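using only what follows, build the 3D model:
(2 chains)
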Amino acid sequence: MPDLESEIRDMIAQIVEKDPSEVTPDAKFFEDLGMDSMMALEIMAGMEKRYKITIPEEKLTKLTTLRETVAVAREYLEKNNA
Amino acid sequence: MLNIEEIQKILPQKFPFLMLDRVLELEPGKKITALKNISINEGFFGGHFPGMPVMPGVLIIEAMAQAAIIMLYSPKEEQADSKAAYYLASVKMRFLHPLTAGDQLKIAVEPIKIISGAGLVKVKASAGDKEVASGELSFSRKNG
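Residues are numbered from 1 along each chain as shown, chains lettered A, B, ... in the order given. You can find the predicted model right below:
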């Protein structure tokens, strides 16, 4: 399996228009990276498309750091493979 | 299919900012194909550009956004006097071919991800067999 964290980091960096090195596991999306709720929706949609998963709307508020976002992706990838 | 009277009942935009003439195909929440006939009488051709009528790309985006509103319209959730308000949040668009008087603009919209207060949609515009523009729009939605 490809490195999920680095793939998602690159996707986030592209959406927030920052260098991937700034998207550290615990950098806060809203405070540290200047993200807004519409960008969070783009990240959610981007992960759904890339990993062929469906993430429910309630999880949007969990997308606050790279670490949390990777955990959400992993949760739904595992559900798909179960 | 929806005619112009039915379109006008759904869209909050009014003359001279109605960018669709007809809906050809509609699966609420899933897909829409809509038309705009471009005439030399369009007001914007007066200035864009004198002697060279080209439909502004931003108005193609507006037509796409209006088609998205119709696709997401739900008569159950919305009453005529309390329509949802839409705010465009971001646009990712590539323009491939200019449009001029006599062209028939065909817009196709499909959802990428729709949640209760916002959405992300995939949009495509064509005229005849030419692809005119394609991209993505995101918007927030506030129920009236």
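
chain B contacts on chain A?
Residues of chain A lying close to chain B (C-beta under 8 Å from any C-beta of the partner chain) are A:S37, A:M38, A:L41, A:E42, A:M44, A:A45, A:E48, A:K49, A:E57, A:L60. Yep, even glycine has a C-beta here, placed from its N, CA and C like the rest.

work out for me the element B:G119 sits within.
Using DSSP states H and E, B:G119 falls within strand B:118-127.

do A:M44 as well
helix A:37-51.

sec struct for the closest residue to A:R67 other than its chain neighbours, please.
The shortest distance from A:R67 to any non-neighbouring residue, by C-beta to C-beta, 6 or more residues apart in numbering or on different chains, is to A:P25 (4.3 Å). Counting by DSSP: H, G, I helix; E, B strand; the rest coil, the backbone at A:P25 sits in coil.

what pLDDT does A:P25 get?
With respect to pLDDT, A:P25 scores 97.

count of neighbours near it?
Neighbours of A:P25 under the rule other C-beta atoms under 10 Å in any protein chain shown: 12.

correct me, but it touches A:L66?
Yes - counting by C-beta atoms under 8 Å, A:L66 is a contact partner of A:P25 at 5.0 Å.

okay, and the common contacts of those two?
With contacts defined as C-beta atoms under 8 Å, 6 or more residues apart in numbering or on different chains, the residues shared by A:P25 and A:L66 are A:E5.

flag the shaky bits of chain A, pLDDT-wise.
Judged by pLDDT under 70, chain A has its weakly predicted residues at A:1-2.

for chain B, same thing?
Ranges of chain B meeting pLDDT under 70: B:77-82, B:144.

redo that, cut-off 80
Within chain B, the ranges that satisfy pLDDT under 80 run B:74-83, B:143-144.

next to chain A, which bits of chain B? Give me the list.
B:A89, B:S90, B:I112, B:K113, B:I115, B:S116, B:A118, B:G119, B:L120, B:S138, B:S140.

among those residues, name the buried ones.
Buried residues within those, defined by neighbour count using 16 or more other C-beta atoms under 10 Å in any protein chain shown: B:A89, B:I112, B:K113, B:I115, B:A118, B:G119, B:L120, B:S138, B:S140.

gap between the residue sitting furthest away from the middle of chain B and B:G102?
Seen from the C-alpha centroid of chain B, the residue lying at the greatest distance (C-alpha atoms, centre = their mean) is B:G51, 26.4 Å away. Note on B:G51: its distance to B:G102, by C-beta to C-beta, to the nearest Å, is 16 Å.

same thing with B:M93?
23 Å.

look at those two and report which has more neighbours.
When B:M93 and B:G102 are compared for neighbours, B:M93 comes out ahead with 16 against 11, by other C-beta under 10 Å.

any idea which helix or strand carries the closest residue to the more buried one other than its chain neighbours?
In this structure, B:M93 finds its nearest non-sequential neighbour in B:G135, 3.5 Å apart by C-beta to C-beta, 6+ apart. Element membership for B:G135, per DSSP H and E: strand B:130-142.
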